[in-house]
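Chemist: sequence and predicted structure are below.
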Amino acid sequence: MAHPDWEKYRDSLVKEVKSYEIAKAAFAEEKSKFESDRKSEEWDREGLRGKLRTAEELLSKECEEYKRICEKDNQRSYATCNKITELEGKVAELTGKVEDSQATKKIAEADLAEVKAQPS
């Protein structure tokens, strides 16, 4: 027959082994959950990085489009400004011709009035 202390010791060891197995299983489960969460976080980070890259590319394209549109608008504005300057010059030229014509007309009218006023 076995010694009672040995049986208690054996029972104690069996309890410790069971406790160890339970702790080991709990640790494996926690480790698995941790790894799963870590991978999920990595995927989330990669997803966010992808979204950030996409947003940066879109912003870059929009910036280029904005610059292109501004350049086109600047060219139109410059052409419009040149046309306005050209037309202002023509207006000034025509105004001068009208004034000259009016002065010539007044002189002609004065000469005509003088001729009419002379006794024949």
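Modeler: Received it, and whenever you're ready, just let me know what you need. Just so it is clear, the model here is predicted, and its values are computed rather than measured.

Chemist: backbone dihedrals for the most centrally placed residue in the chain, please?
Modeler: Among the residues of the chain, the one closest to the centroid is Leu59, at 3.6 Å (Cα atoms, centre = their mean). Backbone torsions of Leu59, given as degrees, to the nearest 10, read phi -60, psi -40.

Chemist: report pLDDT for it.
Modeler: Per-residue confidence (pLDDT) for Leu59: 94.

Chemist: how near is it to Ile69?
Modeler: Distance, Leu59 to Ile69, using Cβ to Cβ, to the nearest Å: 15 Å. Every residue, glycine included, has its C-beta placed from N, CA and C.

Chemist: what do you get for Leu13?
Modeler: If you measure Leu13 against Ile69 using Cβ to Cβ, the figure is 82 Å.

Chemist: check Lys31 too.
Modeler: From Lys31 to Ile69 the distance is 56 Å (Cβ to Cβ).

Chemist: thank you, goodbye.
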